[in-house]
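In: requesting a structural model of the entry that follows:
(one chain, ligands or ions: 2)
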Amino acid sequence: MEPAHSSSGPAAAAEARRRVSVLLPLPLPEPYDYAAPVGQDVAPGDYVEVPLGPRRVVGVVWGEGEGSVAEARLRPVARRFDSPPMPEIQRRFVDWVAAYTMAPRGAVLKMALGALGGLEPPKAQLAYRLAETGVPPDLRPTPARRRVLALLADGPPRPAAELAAEAGCGVSVVRGLAEAGALEPMMLTPRAGRPRPDWRLPGPVLSEDQRAAAEDMAAKAREGGYSATLLDGVTGSGKTEVYFEAVAAALETGRQVLVLLPEIALSAQWLHRFERRFGAPPHVWHSELTGAERRRTWREIAEGEARIVVGARSALFLPFAELGLIVVDEEHEGAFKQEEGVIYHARDMAVVRAHLGRIPILLVSATPSLETVVNCDTGRYARLHLPARHGEARLPEIALIDMRREKPERNRFIAPAVKDALARTFEQGEQAMLFLNRRGYAPLTLCRACGFRLQCPNCTAWLVEHRLAGRLQCHHCDFSAAIPQACPSCGVEGSLAACGPGVERVAEEVAQLFPEARVGMMTSDTLIGPHAVEEMVRQVAEHRVDLLIGTQVMAKGHHFPMLTLVGVVDADLGLQGGDLRAAERTFQLLSQVAGRAGRGERPGTVLLQTFSPENPVMQALQRYDRDAFLEREAHDRLEAGMPPFGRLAALIVSGEEMEQVDAVARRLGRTAPRSAEVQVLGPAPAPFALLRGRHRRRLLLKAPRSVQVQPLIAAWLAEVPIPGSVRVQVDIDPYSFL
Ligand code: ADP
Ligand code: ZN
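Out: Ligands and ions are numbered 1, 2, ... in the order given. All right, here's what the predicted structure looks like:
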């Protein structure tokens, strides 16, 4: 019993203070108590500023006080923000995600407070417009002044800095015009005049299959209530057009819509499509927004001003006031799994969010994950199917090139059959794509004299040669070094040899084979920022590029009608390493890449270079037999008790001192909750036993689906003292086994 409730005396007056618990966006599991501010009403969900040690921190009122702080040390809430409170559903969502992922609640809250500045109401800005009295006759019309006046004659009022930038003059020119009486100042509210997406605009005429799917989804969006639906259709079948109908229906009912995309920065084409369909752009949310954009977007979402948000996984934590539909496009994508900080899967958490909010969720994919397919088979999710490409477009022919027979010359990587196909494609004035999921020139540099391999000093990884940049780079940390003249081990000069291809090396080979071909590179090294992608996409669309060479940044979404040939340089690449989903992921990625070919009227061809054409992945790709492939995967995983039929959770122990890491890992191994049902494998060195200078050990817990693993793990961790220099990360439903 808290003495606060039973004692009387001098402290009694203070005890009467109302307590509230405030969750802070810090790695803390529980909210802290604060005294409610005197004379101000605070309620759960309110954003408040509270003292924490010498600092002031923004947090959210989570509920009534819980007695976590002694009365004498209870400090008051400093202030309450004038902002719409965090909706109850979102608070429950934060609690849910924290409990499931075993992350501290405060760390999950931090993701929901993506832009703290958004708590302040937006400030009105000083702007200028043309004076109603017109331009004073005695005004000296310099060219700069004329440009400013012309801008304002033809557009909305703008702040001086913006006007000056557009007119290419100094701010003093604008001020001078105002002083001369040609312009008049006014206060501009930043939100003024942003057009809203219009659901009444007509969409395309849908095919029969498309219409059936669209009507089903639109009805769900209109009626509300929880439902989960997979929209399953081959690439180019019109899935986007179809889910736009559901978006329109949700907007019509006056609710907000969230569309999650795996890499929003790469989807300029998606945004253009949206704008064409709805007459206005959506709000976007991703890591590359500027601070001001984040603040404004966050606030507009909280206020319900933003009707539709398209974003990367973190958008799921935005404070939607009245969310009515979630769409997860490319639901199978690994990018939805966040691997740092709070480790969560945005698709799975989106389903939870829909459930809490009693709204429909739509998962969209041409190659749905086994998890989702099994959920459909068991009736947890509904399924809508689009069996064919839209219009005349047909799926491309897929052929396997057996590299054991069709051998390129030494240090060449393009098989003769692919070379011939490229030549034909260029002759016919069509476009081609060569896909290799490997950045740089060569993945490995080796000494021919002593066999030494150049390795990152901080990671268990080879250094990758980037010849264009003239450097060796680690792809897992920021280590890079000049390419040495001599072997660092044996000292022999000129003995270092590049082994294997990266995209730069493929480009070099193409330049020798087809010196006339105009080549565009699409990799994360060559395309920095969303505009670079957009520019490259435009060049391809305008046929200023004959051949695209790139990594997976090129695999997604893009629609190029003249692209008829796709060559995959190393189709086996993703199958190495043998992780749980290697086959599934390779199938998905290559299907996606293949789906770039023949999207217009001209038929497409896909050539997969492989050393194991008999592999079930290659066979399924060639025959378009996804269902047989998934059945086989499902069968294997069921036998092994692996997800989605069993549960996995990984513990990653890491630290700079190997002995300490090993000691903690061994101790966790000894105290692991093993039983007839629960198995714990490890500890074992992670495949990246060293990553960014930290030693890493892994343990893997495996249990049937009926077992709730979180309490087991919590009890397990509570028993093992973990020194401050060692970190133990819990990864529920791991996707990465590195
Ligand atoms: P998916 O998302 O399944 O890959 P998209 O929605 O991108 O397919 O459609 C592929 C192409 O076909 C796009 O250019 C799209 O605009 C077009 N398309 C699809 N359905 C229709 C339709 N009913 N009428 C006109 N164009 C359509
Ligand atoms: Zn490294």
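
In: if I look at whichever residue of the stretch 601-738 of the chain sits closest to ligand 2, how far off is G254?
Out: Residue nearest to ligand 2 within the stretch 601-738 of the chain (C-beta to the ion): R692, separated by 6.4 Å. Where C-beta positions appear, they are placed from N, C-alpha and C, glycine not excepted. According to C-beta to C-beta, to the nearest Å, R692 and G254 sit 48 Å apart.

In: circling back: just checking, the residue of the stretch 601-738 of the chain closest to ligand 2 touches C477?
Out: Yes - if you go by C-beta atoms under 8 Å, R692 and C477 touch, sitting 4.4 Å apart.

In: overlap in contacts of these two?
Out: 458-459 (C-beta atoms under 8 Å, 6 or more residues apart in numbering).

In: how about the residues of this structure by ligand 2?
Out: 456, 458-459, 474, 476-477, 479 (C-beta under 5 Å from the ion).

In: near ligand 1 too, which of the residues you listed?
Out: Here nothing survives when these are matched to ligand 1 using C-beta under 6 Å from any ligand atom.

In: let me know the closest of these to ligand 1.
Out: H476 (32.4 Å; C-beta to the nearest ligand atom).

In: one step back: so which of R692 and G254 has more stuff around it?
Out: More neighbours surround R692 than the other of R692 and G254, with 16 against 10 (other C-beta atoms under 10 Å).

In: could you look up the SS state of the closest residue to ligand 1 within the stretch 451-600 of the chain?
Out: Proximity of the stretch 451-600 of the chain to ligand 1 (C-beta to the nearest ligand atom) peaks at H559, 5.0 Å away. Here H559 is recorded as coil under DSSP: H, G, I helix; E, B strand; the rest coil.

In: not counting sequence-adjacent ones, nearest residue to it?
Out: Excluding its sequence neighbours, the residue lying closest to H559 (C-beta to C-beta, 6 or more residues apart in numbering) is R599, at 5.5 Å.

In: and the gap between that neighbour and V234?
Out: 11 Å.

In: which residues are common contacts for those two?
Out: In contact with both R599 and V234: R389, using C-beta under 8 Å, 6+ apart.

In: report the buried residues of the longest strand along the chain.
Out: Counting residues, the longest strand found in the chain (DSSP state E) is strand 679-691. By neighbour count with 16 or more other C-beta atoms under 10 Å, strand 679-691 contains the buried residues 680, 682-683, 685-686, 688-691.

In: ditto for stretch 453-471
Out: 454-456, 458-467.

In: greatest separation within these: which pair is it?
Out: Within the buried residues of stretch 453-471, two members stand farthest from each other by C-beta to C-beta: T460 and R467, at 23.8 Å.

In: still on that earlier bit, among the buried residues of strand 679-691, which two are most distant?
Out: Most distant of the buried residues of strand 679-691, by C-beta to C-beta, are V680 and L690, 23.3 Å apart.

In: could I get the contacting residues of the residue of the stretch 451-600 of the chain closest to ligand 1?
Out: Here H559 is in contact with 236, 269, 599 (C-beta under 8 Å, 6+ apart).

In: please report how far it lies from R438.
Out: Taking C-beta to C-beta, one finds H559 at 25 Å from R438.

In: do the same with P734
Out: 24 Å.

In: which of the helices or strands spans V606?
Out: Element membership of V606 [criterion: DSSP states H and E] is strand 605-610.

In: no wait, A213
Out: helix 208-223.

In: identify each buried residue in that helix, please.
Out: Quick answer for helix 208-223 (16+ other C-beta under 10 Å): 209-210, 213-218, 220-222.

In: now the residues you listed in JSON lines, with pLDDT?
Out: Output for the buried residues of helix 208-223, formatted as JSON lines (pLDDT from 0 to 100):
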{"residue": "D209", "pLDDT": "94"}
{"residue": "Q210", "pLDDT": "96"}
{"residue": "A213", "pLDDT": "96"}
{"residue": "A214", "pLDDT": "96"}
{"residue": "E215", "pLDDT": "96"}
{"residue": "D216", "pLDDT": "96"}
{"residue": "M217", "pLDDT": "96"}
{"residue": "A218", "pLDDT": "95"}
{"residue": "K220", "pLDDT": "96"}
{"residue": "A221", "pLDDT": "95"}
{"residue": "R222", "pLDDT": "95"}
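
In: restrict those residues to those near ligand 1?
Out: Okay, of the buried residues of helix 208-223 touching ligand 1 (C-beta under 6 Å from any ligand atom), that's Q210.

In: and which of the buried residues of strand 679-691 is nearest to P84?
Out: For the buried residues of strand 679-691, the nearest to P84 is L691 (41.4 Å; C-beta to C-beta).

In: neighbour count: R599 and V234, which is higher?
Out: R599 (24 against 20).

In: that one should be in a helix, yeah?
Out: No - according to three-state DSSP, R599 belongs to no helix; its state is coil.

In: which ones are touching the residue of the stretch 601-738 of the chain closest to ligand 2?
Out: 458-459, 476-477.

In: out of these, who's nearest A131?
Out: The nearest one, if we look at these relative to A131 and count by C-beta to C-beta, is C477, at 58.6 Å.

In: wait, that closest one sits on R694?
Out: No - if you go by C-beta under 8 Å, C477 and R694 don't touch, sitting 9.9 Å apart.

In: higher neighbour count, those two?
Out: Here C477 and R694 are compared on neighbour count by other C-beta under 10 Å; more neighbours surround R694, at 21 against 17.

In: skipping adjacent residues, who's closest to that one in space?
Out: S654 (4.5 Å).

In: could you verify that that neighbour is part of a helix?
Out: No - counting by three-state DSSP, S654 falls outside a helix, being strand.

In: low pLDDT regions in the chain?
Out: Scanning the chain for pLDDT under 70 picks out 1-16, 115-118, 121-124, 189-193, 264-267, 529-530, 557, 578.

In: what residue spans form the domains of it?
Out: Per the record, the chain has its domains at 2-113, 125-188, 208-386, 397-438+501-633, 646-732, by automatic domain parsing.

In: element containing R200, please.
Out: Using DSSP H and E, R200 falls outside every helix and strand.
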